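K.L.:
following is a predicted model, sequence given first.
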Amino acid sequence: MQRLYDFLRRHPTGVDTFWAVVLLGFSLLSVGATYQEVGRPIAHGLVAVLFSLVVALRRRAPEKMLVLAVLLGLVQLALDLTPSIADFAMLVIVFTVAAHDGPRWASRLALVAGLAASPLSQLRWPLEGSESGAARVFFTIIMTVPFVLAWVLGDSLRTRRAYFAQLEERASRLEREREAQAKVAVAAERARIARELHDVVAHNVSVMVVQADGAAYVMDSSPETAKQALETISTTGRQALAEMRRLLGILRTGEHEEAGEYVPQPDVGQIEDLVEQVRGAGLTVDFAIEGSPRPLPSGVELTAYRIVQEALTNSRKHGGPDVGASVRLVYFDDGLGLLVEDDGRGAPQEMYEDGGADGRGHGLIGMRERVGMVGGTLDAGPRPGGGFRISALLPLKSAH
């Protein structure tokens, strides 16, 4: 049964042609049995053939078939050709045009034609027993009802199809939006991971390079100092590997059970350990906390840690020899303030004038992106009297 239904849906014109042939057959039988005058059977037969054509092509060219049906009705009125079974095609074309998603003038014409067909037919060919005005009105209304119902049913089907098409289009649009949002999320996650990798590599590798240079310099004169430097390199390398495993674990898709974060995200509480590590690498750092420490949002904690880490890395890279730095954490009622300064020769001017890229890294760019993600502000530039200053204010609540 389903196969038959699918076949009929795939061949609508064939189905309409079948019913057109059936309608033509009954119409010609009616014409042969009823009309005996010379010429009249031929005229009625021709009208029946054309009405059958209307049924056969109703879905292929609904507007044209509606116009043809209206013209045939007018010809019947003009030539006094009494309605027959073939006029059923008028009812069919009214329904078809109302259900078709075509120009609105065609639907309005179909409604007008359906409403006018019965009154005009009653005026031209009054039914027997309807001599009184009330009887004519009654019969006219009864004969008009099928046309009105056909138009209303067809228009309802058209509206329902349009509604379902709108739902499908909306669902498709939502699916596209979800895909776009997923791509944006993936891009944002990749950018975040890129910033994390930059911070890990820039900081830890910088420490290892400094310690390796120092160890090579004092290897012969002070083996104990060289040994301490190598131990620092080993510790820093392990820390870098641990953080990189965590970041690479985020990129995995569940291939292994251990995929995921390997170590906790750095927070404000680890800044003091970071400062100690930098001091061990040979950079003099003054560290102080002002205000009452309290728990902060995880995003603010990570941002604060990475800003201090990147700032101290830049001090080592660009501050020159014998540079000293200071780190201040200030707890406000509505946020956390960071101030990192050094008394070195300062970073190249293009680093802060062109957004933070010096052709070798994107440290300040990453800082600005991190601060922007938590709704904070960042100020970076030369410090009066020499050196470089980075000042940031991180609110407790992200800006919306």
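P.N.:
Received, thanks.
K.L.:
so how far is stretch 381-393 off the chain centroid?
P.N.:
Taking Cα atoms, centre = their mean, to the nearest Å, one finds stretch 381-393 lying 43 Å from the centre of the chain it belongs to.
K.L.:
let me know the average pLDDT across it.
P.N.:
Per-residue pLDDT over stretch 381-393 has a mean of 87.
K.L.:
so what touches it?
P.N.:
Stretch 381-393 is contacted from outside by 304, 307, 311, 314-315, 318-319, 323, 335-347, 352, 367, 371, 376-380, using Cβ atoms under 8 Å, 6 or more residues apart in numbering. Using the backbone N, CA and C atoms, a C-beta is placed for each residue, glycine as well.
K.L.:
mind checking which of the residues you listed are in helices?
P.N.:
304, 307, 311, 314, 315, 318, 352, 367, 371 (DSSP state H).
K.L.:
so the last one versus residue 326, what's the distance?
P.N.:
If I follow you right, that is residue 371. Per Cβ to Cβ, to the nearest Å, residue 371 is found 20 Å from residue 326.
K.L.:
compare those two (neighbour count), which wins?
P.N.:
Using other Cβ atoms under 10 Å as the criterion, residue 371 and residue 326 rank with residue 371 on top: 22 against 17.
K.L.:
spatially, what comes nearest to that one if we skip its sequence neighbours?
P.N.:
Once flanking residues are discounted, residue 371 sits nearest to residue 378: 4.4 Å by Cβ to Cβ, 6 or more residues apart in numbering.
K.L.:
what number of residues lie near the one you found?
P.N.:
Neighbours around residue 378, by other Cβ under 10 Å: 20.
K.L.:
now do residue 183
P.N.:
A count of nearby residues for residue 183, using other Cβ under 10 Å, gives 10.
K.L.:
go on, the one 4 residues further on?
P.N.:
Neighbours of residue 187 under the rule other Cβ under 10 Å: 10.
K.L.:
from residue 181, how far out is it?
P.N.:
11 Å.
K.L.:
you'd agree residue 15 is up against residue 8?
P.N.:
Yes - judged on Cβ atoms under 8 Å, residue 15 makes contact with residue 8 at a distance of 5.4 Å.
K.L.:
what about those two, which has more around it?
P.N.:
residue 15 (15 against 12).
K.L.:
quick one: contacts of the helix or strand containing that one?
P.N.:
Element membership for residue 15 (DSSP states H and E) is helix 12-34. With Cβ under 8 Å, 6+ apart as the test, helix 12-34 has contacts from 8, 41, 44-45, 48-49, 51-60, 84-86, 88-89.
K.L.:
how far does that helix sit from its chain's centre?
P.N.:
Worked out by Cα atoms, centre = their mean, helix 12-34 lies 52 Å from the chain centre.
K.L.:
what is the mean pLDDT for that helix?
P.N.:
Mean pLDDT, helix 12-34: 83.
K.L.:
likewise for stretch 67-76?
P.N.:
For stretch 67-76, the per-residue pLDDT averages 92.
K.L.:
list the buried residues in it.
P.N.:
67, 68, 69, 70, 72, 73, 76 (16 or more other Cβ atoms under 10 Å).
K.L.:
quick one, phi psi at residue 329?
P.N.:
In terms of degrees, to the nearest 10, the main-chain angles of residue 329 are phi -110, psi 120.
K.L.:
what sits against residue 282?
P.N.:
210, 211, 214.
K.L.:
now it: which helix or strand?
P.N.:
Going by DSSP H and E, residue 282 is not in any helix or strand.
K.L.:
how about low-confidence regions in the protein?
P.N.:
32-40, 128-132, 186, 189-190, 192-194, 196-203, 246-264, 346-363, 397-400 (pLDDT under 70).
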